[in-house]
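Undergrad: Have a look; sequence and predicted model below, questions after that.
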Amino acid sequence: MKQYKNILVNALVNLGDVVLTTSAIALLKKAYPQARITMLVKPVVREAVENNQLIDEVIVFQYKAKENSIGKMLEMVKDIKYRHFDLSISFDRKLRPALLCWLAGIPTRVGPDKVFDDKPSKVTWLYTDVMHISHDLNTTLQAETYQTIVREFTGLKDHAEPVFARITDVAEKKAEELLSRLPQTEKRIALCVKGTFELKTWPKEYFVKVVDALATDYDAAFFIVGAPNDRGYADEVIAAMHQPVMNFCGETTLVDLAAIIRKADLLITVDTGATHIAATTGVKMVTMYGCTSPDRWHPLNKNARVLTSREVCCPCTVRANECHTNPKPSCLWHITPDMVLNECIALLD
């Protein structure tokens with residue numbers, strides 16, 4: 001097998017996907033153990049891959065259509081060309097990173113014929129090697145799709161799990177400081193209550209019922225984690241609670257988040273990027289899936305339990321349909337508090 005020494009990985013995807021691509025990078029590192037691996041990512045996910053044992057350097061892609069000129073794109077081409085990569089691998093099949101690699105003259109440019117949907121794309125014309133993905137995307141874990149790209153190119157047969165950034169001493173101290181605000185109890189239970197859109201967000205009323213039941217059966221303290229933009233919604237959830245719940249949304253970096261979740265006895269979460277960060281810590285977790293399917297987005301964690309009502313319309317592929325105006329979409333409301341509570345009790349006991 002030909003060895004490559006300087007590899008660029010393109011992953012201009014959202015947080016959860018970036019975490020999942022690290023499973024494929026683990027395979028890449030196994031195939032080319034002496035290679036230097038650089039990852040091209042969006043600014044908001046930089047923390048997820050910096051200080052990662054698999055990744056030597058991170059390049060942040062700052063492109064914004066209304067702000068960036070062709071000149072700035074050419075500057076990035078010049079930078080990539082200067083680094084003398086001998087291989088690029090795309091996990092996103094997006095035009096701009098593929099174009100950057102082509103213009104920079106990277107001699108071997110690898111990408112999939114499909115990765116998020118089955119639609120053909122002319123972006124593959126910019127690859128020297130197109131990897132065929134033969135499995136059904138909707139019934140295969142997304143991490144496996146990323147790994148298939150590497151397996152098809154390298155010939156490896158192995159499987160791997162995602163690897164998150166190292167948890168630093170600073171993150172450990174931050175987690176301890178936040179947890180010190182909680183009452184002293186036997187259990188610490190984390191909640192992630194808001195998805196990236198409404199059809200991922202489990203009902204507030206259901207969270208209240210689960211917390212009430214767990215507070216009755218266990219000596220537990222509760223806290224909510226999430227992004228800064230989640231804080232207002234988390235406050236609304238807390239206002240409906242009958243138990244004290246702390247709001248830590250926006251008070252953690254991504255590495256802090258991993259540190260604090262690792263110290264929890266249980267995480268109850270919706271399908272979001274934090275779910276996949278949490279999975280890398282091995283925490284016991286229950287995840288509720290609304291319009292998305294755990295067949296594709298199941299967290300890679302042996303302590304994870306997933307719940308879905310498996311509606312006939314799931315996974316939802318039409319964003320502008322009647323469910324987005326329905327106050328009680330079936331995919332969310334059919335996952336009952338009792339279903340979640342049963343899984344929580346099984347894990348805690």
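TA: Right, received. Where do you want to start?

Undergrad: any idea how far residue 26 is from the closest residue to residue 3 other than its chain neighbours?
TA: The shortest distance from residue 3 to any residue that is not its chain neighbour, by Cβ to Cβ, 6 or more residues apart in numbering, is 5.9 Å, and that residue is residue 32. (Each C-beta comes from the backbone N, C-alpha and C, glycine too.) The span separating residue 32 from residue 26 equals 12 Å under the rule Cβ to Cβ, to the nearest Å.

Undergrad: Strands of the stretch 51-200 of the chain, start to end?
TA: Counting by DSSP state E, counting those that start in this stretch, the stretch 51-200 of the chain has these strands, from start to end: 57-60, 87-90, 109-112, 129-131, 187-192.

Undergrad: buried stuff in the one helix or strand residue 255 maps to?
TA: Per DSSP states H and E: residue 255 is located in helix 254-262. Applying a neighbour-count criterion of 16 or more other Cβ atoms under 10 Å, the buried positions in helix 254-262 are 254-262.

Undergrad: what stretches of this structure score poorly on pLDDT?
TA: For the chain, residues meeting the criterion pLDDT under 70 lie at 63-69, 317-325.

Undergrad: Am I right that residue 7 falls within a strand?
TA: Yes: in this structure, residue 7 lies within a strand as judged by DSSP: H, G, I helix; E, B strand; the rest coil.

Undergrad: From residue 230, how far out is it?
TA: Shown here: residue 7 relative to residue 230, a distance of 35 Å by Cβ to Cβ.

Undergrad: Kindly report the same for residue 16.
TA: With distances taken as Cβ to Cβ, residue 16 is found 15 Å from residue 230.

Undergrad: go on, residue 263?
TA: Going from residue 263 to residue 230 by Cβ to Cβ gives 20 Å.

Undergrad: Run through the neighbouring helices and strands of the helix holding residue 255.
TA: Contact partners of helix 254-262 among helices and strands, from 3 or more Cβ pairs under 8 Å, 6 or more residues apart in numbering; DSSP states H and E: helix 46-49, helix 169-179, helix 273-279.

Undergrad: tell me what the last one is packed against?
TA: Taking 3+ Cβ pairs under 8 Å, 6+ apart as contact, the helices and strands that helix 273-279 lies on are helix 15-31, strand 187-192, helix 254-262, strand 266-270, strand 285-289.

Undergrad: can I get these in CSV with distance to residue 329?
TA: What follows is the helices and strands packed on helix 273-279, written out as CSV (distance: least, Cβ to Cβ, whole Å):
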stretch, distance to residue 329
helix 15-31, 21
strand 187-192, 19
helix 254-262, 27
strand 266-270, 13
strand 285-289, 12
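
Undergrad: Identify each of the helices in the chain and give its residue range.
TA: Secondary structure of the chain (DSSP state H): helices at 15-31, 46-49, 70-82, 95-103, 142-154, 169-179, 204-217, 231-240, 254-262, 273-279, 294-297, 330-333, 337-348.

Undergrad: Now distance to residue 191 too, for these, in TSV please.
TA: Output for the helices of the chain, formatted as TSV (distance: least, Cβ to Cβ, whole Å):
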stretch	distance to residue 191
helix 15-31	18
helix 46-49	21
helix 70-82	40
helix 95-103	36
helix 142-154	24
helix 169-179	14
helix 204-217	7
helix 231-240	8
helix 254-262	11
helix 273-279	11
helix 294-297	19
helix 330-333	16
helix 337-348	11
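
Undergrad: Among those helices, single out whichever gets nearest to residue 130.
TA: Each of the helices of the chain was scored for nearness to residue 130 using Cβ to Cβ, and the closest is helix 142-154 (9.5 Å).

Undergrad: what about the closest one, distance to the chain center?
TA: Distance of helix 142-154 from its chain centroid, counting by Cα atoms, centre = their mean, to the nearest Å, is 17 Å.

Undergrad: now it and helix 15-31, what's the angle there?
TA: With axes from the mean of the first three to the mean of the last three Cα atoms, to 10 degrees as the criterion, the two stretches helix 142-154 and helix 15-31 enclose an angle of 30 degrees.

Undergrad: what sits up against helix 142-154?
TA: Taking contacts as Cβ atoms under 8 Å, 6 or more residues apart in numbering, the residues outside helix 142-154 that touch it are 1, 17, 20-21, 23-24, 27-28, 31-32, 89-91, 110-112, 115, 129, 131-133, 135, 137, 156-162, 296-297, 300.

Undergrad: Where do the domain boundaries of this protein fall?
TA: With domains defined by automatic domain parsing, the chain comprises 6-154, 169-348.

Undergrad: And the buried residues of helix 254-262, which is closest to residue 218?
TA: Proximity to residue 218 was ranked across the buried residues of helix 254-262 by Cβ to Cβ; first place goes to residue 261, at 18.1 Å.

Undergrad: Contact partners for that closest one?
TA: By Cβ under 8 Å, 6+ apart, the contact set of residue 261 is 190, 225, 267, 274, 277-278, 281, 283.

Undergrad: Dump those to TSV, plus distance to residue 99.
TA: Listed next are the contacts of residue 261 as TSV, based on distance: Cβ to Cβ, whole Å:
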residue	distance to residue 99
190	41
225	37
267	39
274	32
277	30
278	35
281	37
283	40
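
Undergrad: Please tell me which one of these counts the most neighbours.
TA: Highest neighbour count within the contacts of residue 261, by other Cβ atoms under 10 Å: residue 278, with 31 neighbours.

Undergrad: list the contacts for that one?
TA: Taking Cβ under 8 Å, 6+ apart as the contact definition, residue 278 lies against 192, 258, 261, 267, 269, 285, 299, 301.

Undergrad: one more time with 6 Å, if that's ok
TA: For residue 278, the contacting residues are 261, 267, 285, by Cβ atoms under 6 Å, 6 or more residues apart in numbering.
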